[in-house]
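Undergrad: what would the 3D arrangement of this be:
(chains A and B)
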Amino acid sequence: MNPISKPVTGIGWRAPHYRELLRDRPPLGFLEVHSENFFANGGQTLDFLDQAQRLYPISLHGVGLALGSADPLDDTHIKRLRDLIARTQPVFVSEHLCWGSIAGRHLNELLPLPYTEEALDHICARIDEVQDRLGRTIMIENVSSYVRFTHSTITEQEFIAQVCQRTGCDILLDVNNVYVSSVNHEFDPVAFIDALPAGACKEIHLAGYDAHEEDDSCLIDTHGRHVQSPVWDLFRHTVKRLGPRPTLVEWDVAIPELPVLLNEAAMAAEILNDEQAVAA
Amino acid sequence: MTNKPSLRDIQHAFATSIFGDESAVSGMLETGKQRFGIYQNSVVENYRQALTSIFPVTGRLVGEQFFTQAATQFAHDTPSSSGDLANYGDAFPAFLETYRPARDLAYLPDVARLEWIWHETFNASDSQPLDLDKLATIAPADYGRLAFELQAGYRSLQTPYPVDRIWQVNQPEHDDPELVHLDSEPRYLLIYRFDFEVRIANVSRGVHALAQAFAHRQTLTDATQSALEAEPDLGIDSAVQWLVGERIIAGFALDGAPESNEQDS
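TA: Numbering: from 1, shown residues only, chains lettered A, B, ... in the order given. Coordinates of the predicted model:
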């Protein structure tokens, strides 16, 4: 196998697997953690990350910066992130294209933006500021959503493409989120992915969704089960279009045994390999 | 609505609707109310999860259903002020004091206080053990001017309830069911880190007074006086040795003047 074409896959590393992964050291291309889980001043959790950093490339994936909020950026949050970046020397730093707080009240959820010119100007200015203060390019991830705003004047994919073009940030393409939103809002997920600037997509996320208990036209992005087959199909298409990209499997609730998660990553690697073989 | 709402207006309406009045946002959304309910559920669930992970013993004492109800009420009453949910819940113990369904569980708020302190101590800055060689350079005549510095993870809790015992017997690894008698002596608890391990020590009134005096940067002379007022028979030397051995004392200065080996911020 050509070592250059070796596909890279990783897992989202969560608390139930901290010790086991450090002990067993399974072969993985990278580990991704939620940045906020390591915002402690010290202690064991941070030490686990220090150990992991000596074994794997680390990707820091934020969930709490609230890039799209109308509130000012939280200085403490940025400082913590900057310190963590200095400590872990991550290969990737990413956040979400969403908002999460208003008037000082944090909702601690990845909330969808209205896709307007105002929101676009706002989030671009914020990403510029964050990239300046962190001294590096970040990736932004598309979120799954359950509602859309009547005021939106731009499609989500155009909005993302514009953000990248204006700020120079990269895209963390969450294929599961595209699929969930495509069902919830009845759009074509393939067209969505094809509309994104391929060169800017530097990482792919995969995860599991669940059907809404009372509304079968609605999917919920639970990160609580296996990657579902429509998402694997969309992933194959994505890899065809973009070429192989570092790919991460996330599982955040009802977290299974580590081998289950590693097996999901192995399945992603197989698809990356297949597409690579076809392209060669 | 005649004018287009601003981004701020939309986010205000959304947040208001999360915690109650859905009419604030409903006119702004393409889809129906049921879909907005997904966010109402997930926001409150995220808060509940954060509280569940920080207050596991409190949850175990009252049972899942009771805890869920209390956490839901708290989540509605108490805004989160940080994008990091590890900061959410410092007001939960005080909330439990006023939460009517818990009014017969007088010890519960102090159990929750201990759990919040445990959480803070677990995540505190790492401290080094006291440098004894350096301490040996201090002339005995200056001992009275020593102001000991405590480790970053040090906290104390005074409580009329044996919450340390309640905490211990409700740890997952503790498999012997055990009755904890509530009518025991008042507790003076010190909570601190030994390497990465959080320790909870039930100490005498005098040791507690001594540690608290050091925490307030009193000199050894003044701290000794405070400790002996609290407990006339206290052996100061052995109490200080214990605080050093447990690494609660992590540094020192003379007369409270700042010293060069300050820990990280």
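Undergrad: point out where the stretch 1-150 of chain B drops to low pLDDT.
TA: Along the stretch 1-150 of chain B, the parts satisfying pLDDT under 70 run over B:1-2, B:31-33.
Undergrad: quick one: name the residues of it near chain A.
TA: Residues of the stretch 1-150 of chain B lying close to chain A by C-beta under 8 Å from any C-beta of the partner chain are B:4-8, B:10-12, B:14-15, B:18, B:27-31, B:34-36, B:38-39, B:42-43, B:46-47, B:50, B:79-86, B:88, B:122-126. C-beta: built from backbone N, CA, C; applies to glycine.
Undergrad: now these: which count as buried?
TA: Among the residues of the stretch 1-150 of chain B next to chain A, those buried by neighbour count (16 or more other C-beta atoms under 10 Å in any protein chain shown) are B:5-7, B:10-12, B:14-15, B:18, B:28-29, B:31, B:35-36, B:38-39, B:42-43, B:46-47, B:50, B:79-80, B:82-86, B:88, B:122-126.
Undergrad: hey, where'd the helices end up in chain B?
TA: Using DSSP state H, the helices of chain B run over residues B:7-18, B:23-26, B:33-54, B:56-62, B:64-77, B:92-98, B:108-122, B:132-135, B:163-169, B:205-215, B:220-230, B:236-245.
Undergrad: quick one: list the elements packing against the longest one.
TA: In other words, helix B:33-54. In terms of contact count using 3 or more C-beta pairs under 8 Å, 6 or more residues apart in numbering or on different chains; DSSP states H and E, helix B:33-54 is assigned the packing partners strand A:105-111, helix B:7-18, helix B:23-26, helix B:64-77, helix B:108-122.
Undergrad: what helices or strands is the fourth one leaning on?
TA: Packed against helix B:64-77 by the contact rule (3+ C-beta pairs under 8 Å, 6+ apart) you find helix B:33-54, helix B:56-62, helix B:92-98.
Undergrad: comparing these, which comes out most buried?
TA: Most buried of those, by mean neighbour count (mean count of other C-beta atoms under 10 Å in any protein chain shown): helix B:56-62, with a mean of 20.
Undergrad: what residues sit buried inside the lengthiest helix in chain A?
TA: Identified as the longest helix of chain A according to DSSP H is helix A:258-279. For helix A:258-279, the neighbour count (16+ other C-beta under 10 Å) marks A:258, A:261-262, A:264-265, A:267-269, A:271-273, A:275-276 as buried.
Undergrad: one more: stretch B:106-118?
TA: Quick answer for stretch B:106-118 (16+ other C-beta under 10 Å): B:107-118.
Undergrad: that older thread, now the buried residues of helix A:258-279 in a markdown table, with pLDDT?
TA: Below are those laid out as a markdown table (pLDDT from 0 to 100):
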| residue | pLDDT |
| --- | --- |
| A:Leu258 | 97 |
| A:Leu261 | 97 |
| A:Leu262 | 97 |
| A:Glu264 | 97 |
| A:Ala265 | 97 |
| A:Met267 | 97 |
| A:Ala268 | 97 |
| A:Ala269 | 96 |
| A:Ile271 | 95 |
| A:Leu272 | 95 |
| A:Asn273 | 91 |
| A:Glu275 | 81 |
| A:Gln276 | 75 |
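Undergrad: gap between the residue of the stretch 51-200 of chain A found nearest chain B and B:Val43?
TA: Residue nearest to chain B within the stretch 51-200 of chain A (C-beta to the nearest C-beta): A:Gly64, separated by 2.8 Å. Distance, A:Gly64 to B:Val43, using C-beta to C-beta, to the nearest Å: 13 Å.
Undergrad: and B:Ala213, what does it touch?
TA: Each residue near B:Ala213 by C-beta atoms under 8 Å, 6 or more residues apart in numbering or on different chains is listed here: B:222-223, B:226-227.
Undergrad: dump these into TSV; add distance to chain A as well.
TA: Listed next are those as TSV, based on distance: C-beta to the nearest C-beta, whole Å:
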residue	distance to chain A
B:Asp222	29
B:Ala223	26
B:Ser226	28
B:Ala227	29
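Undergrad: need the nearest residue in space to A:Glu264, chain neighbours excluded.
TA: Excluding its sequence neighbours, the residue lying closest to A:Glu264 (C-beta to C-beta, 6 or more residues apart in numbering or on different chains) is A:Val249, at 4.3 Å.
Undergrad: hmm, back to that, next one: the longest helix of chain A to chain centre, how far?
TA: Its chain's average C-alpha position is 18 Å from that of helix A:258-279, according to C-alpha atoms, centre = their mean, to the nearest Å.
Undergrad: list the helices and strands that helix packs on?
TA: On a contact count with 3+ C-beta pairs under 8 Å, 6+ apart, helix A:258-279 meets strand A:9-12, helix A:18-24, helix A:229-242, strand A:247-249.
Undergrad: what's the closest of these to B:Gly206?
TA: B:Gly206 sits nearest to helix A:18-24 of all the helices and strands packed on helix A:258-279, at 39.4 Å, using C-beta to C-beta.
Undergrad: quick one on the thing from earlier: which one of the buried residues of stretch B:106-118 sits closest to chain A?
TA: Nearest to chain A among these, counting by C-beta to the nearest C-beta, is B:Trp118 at 11.3 Å.
Undergrad: ok, the closest one - contacts?
TA: Here B:Trp118 is in contact with B:167, B:191, B:198, B:200 (criterion: C-beta under 8 Å, 6+ apart).
Undergrad: 6 Å - rerun?
TA: B:Val198 (C-beta atoms under 6 Å, 6 or more residues apart in numbering or on different chains).
Undergrad: pretty sure B:Gly153 contacts B:Thr121?
TA: Yes. With contact defined as C-beta atoms under 6 Å, B:Gly153 counts as touching B:Thr121 (4.1 Å).
Undergrad: related to what we said a few turns ago, so which of the helices of chain B gets nearest A:His212?
TA: Comparing the helices of chain B by C-beta to C-beta, helix B:33-54 comes nearest, at 7.4 Å.
Undergrad: what sits up against the closest one?
TA: Helix B:33-54 has contacts (C-beta under 6 Å, 6+ apart) with A:107-109, A:146-147, A:215, B:18, B:22, B:59, B:71-72, B:75, B:85, B:88-89, B:119.
Undergrad: out of those residues, which end up buried?
TA: Using 16+ other C-beta under 10 Å as the burial test, these include A:107-109, A:146-147, A:215, B:18, B:59, B:71, B:75, B:85, B:88-89, B:119 as buried.
Undergrad: need the pLDDT of A:Pro90.
TA: What the model reports as pLDDT for A:Pro90 is 97.
Undergrad: where does it land in three-state SS?
TA: Following DSSP: H, G, I helix; E, B strand; the rest coil, the label given to A:Pro90 is coil.
Undergrad: quick one: residues contacting it.
TA: Shown in contact with A:Pro90 (C-beta under 6 Å, 6+ apart): A:58-60.
Undergrad: swap the cut-off to 8 Å and go again
TA: With C-beta under 8 Å, 6+ apart, A:Pro90 has these contacts: A:57-60.
Undergrad: then B:Leu243?
TA: B:148, B:207, B:210-211, B:214, B:249.
Undergrad: now the one residue in the stretch 51-200 of chain B that gets nearest to chain A. Nearest residue, chain neighbours left out?
TA: Nearest to chain A, among the residues of the stretch 51-200 of chain B, is B:Gly83, at 2.8 Å (C-beta to the nearest C-beta). Distances taken as C-beta to C-beta, 6+ apart place A:Gly64 nearest to B:Gly83, at 2.8 Å, with adjacent residues excluded.
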